[in-house]
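Trainee: Sequence and predicted structure below; questions after.
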Amino acid sequence: MTSASDSAPLIGIVMGSDSDWPVMEAAAQALDEFEIPYEVDVVSAHRMPREMIAYGEEAADRGLKAIIAGAGGAAHLPGMLASVTPLPVIGVPVPLKYLDGMDSLLSIVQMPAGVPVATVSVGGARNAGLLAARILAAHDGELLARMREFQQELNDQATEKGKRLRTKVEGAAAFGFAK
Ligand SMILES: Nc1c(C(=O)O)ncn1[C@@H]1O[C@H](COP(=O)(O)O)[C@@H](O)[C@H]1O
């Protein structure tokens, strides 16, 4: 599946199973917000090792600029992809029923020196999408400007939240409900 326009995908979003999609979808949504074309697929190091190696080996030549890889449990997919592609790999630890994603987090984050995976938080697929957008923005002035706008929006929203909180607390204090 390719989305965000008919252009050739720049980012690969892959996951160990389709059961990871409810978590990984947030990466796709972030890329959609920046109109970055991506592709989505299930690529499991454990269950389809040959296809996984082929995906990693061919990704750069197919025009991808980064890979977002999500997996749960014994999450070897991001690290294995990083070992066969020269592209940046962003790992998303997917939380499963047991261990709250700690197993996945530690599997992805503790890579040996020489094989980097940029690991986001457990379930942090949105940040994975945003990080991929920043990687592209480093070489794309228009995208960089949009990223700056996005950051300004975050700033405005946080400022507004502070304003609302102050109004609420000061209002309660005026009626003697709070210090
Ligand atoms: N961690 C991996 C890998 C891998 O790392 O290669 N392949 C599948 N999985 C994970 O197994 C979990 C359960 O998968 P199923 O729901 O298909 O049983 C998923 O979170 C998947 O990412």
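Mentor: Alright, I've got the coordinates.
Trainee: List the contacts of the residue positioned nearest the centre of the chain.
Mentor: Nearest to the geometric centre of the chain sits residue 128, at 1.6 Å (Cα atoms, centre = their mean). Each residue near residue 128 by Cβ atoms under 8 Å, 6 or more residues apart in numbering is listed here: 27, 30, 68, 70, 90-92, 120. Bear in mind the C-beta positions are built from the backbone N, C-alpha and C, glycine included.
Trainee: Where does the prediction get shaky in the chain?
Mentor: 1-6, 177-179 (pLDDT under 70).
Trainee: how about the helices of it, start to end?
Mentor: 21-33, 49-59, 77-84, 102-109, 125-137, 141-174 (DSSP state H).
Trainee: can you pull the buried residues of the longest one?
Mentor: For helix 141-174, the buried set under the neighbour-count rule, 16 or more other Cβ atoms under 10 Å, comprises 143, 146-147, 150.
Trainee: Same check on the fifth one?
Mentor: Buried residues in helix 125-137, defined by neighbour count with 16+ other Cβ under 10 Å: 125-133, 135-137.
Trainee: With distance to the ligand as new columns, can the residues you listed be given to me in TSV?
Mentor: Formatted as TSV, the buried residues of helix 125-137 follow (distance: Cβ to the nearest ligand atom, whole Å):
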residue	distance to the ligand
125	12
126	18
127	18
128	14
129	17
130	21
131	19
132	19
133	23
135	22
136	25
137	28
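Trainee: ok, so of the residues you listed, who is nearest residue 156?
Mentor: Distance to residue 156, by Cβ to Cβ, is smallest for residue 130 among the buried residues of helix 125-137, at 17.1 Å.
Trainee: Those residues of the protein touching the ligand, which are they?
Mentor: Within reach of the ligand by Cβ under 6 Å from any ligand atom, the chain has these residues: 15-17, 19-20, 44-47, 71-77, 94, 96.
Trainee: For ChimeraX, write the selection for the buried entries among these.
Mentor: In ChimeraX syntax, the buried subset of the residues of the chain next to the ligand is picked out as below (16+ other Cβ under 10 Å):
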select :15,16,17,20,44,45,71,72,73,75,76,77,94,96
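Trainee: Sitting in strands, which of the residues of the chain next to the ligand do you find?
Mentor: 15, 71-72, 94 (DSSP state E).
Trainee: for those, which one is nearest the ligand?
Mentor: For those, the closest approach to the ligand (Cβ to the nearest ligand atom) belongs to residue 72, at 2.6 Å.
Trainee: If anything else comes up later, I'll come back, but that's it for now.
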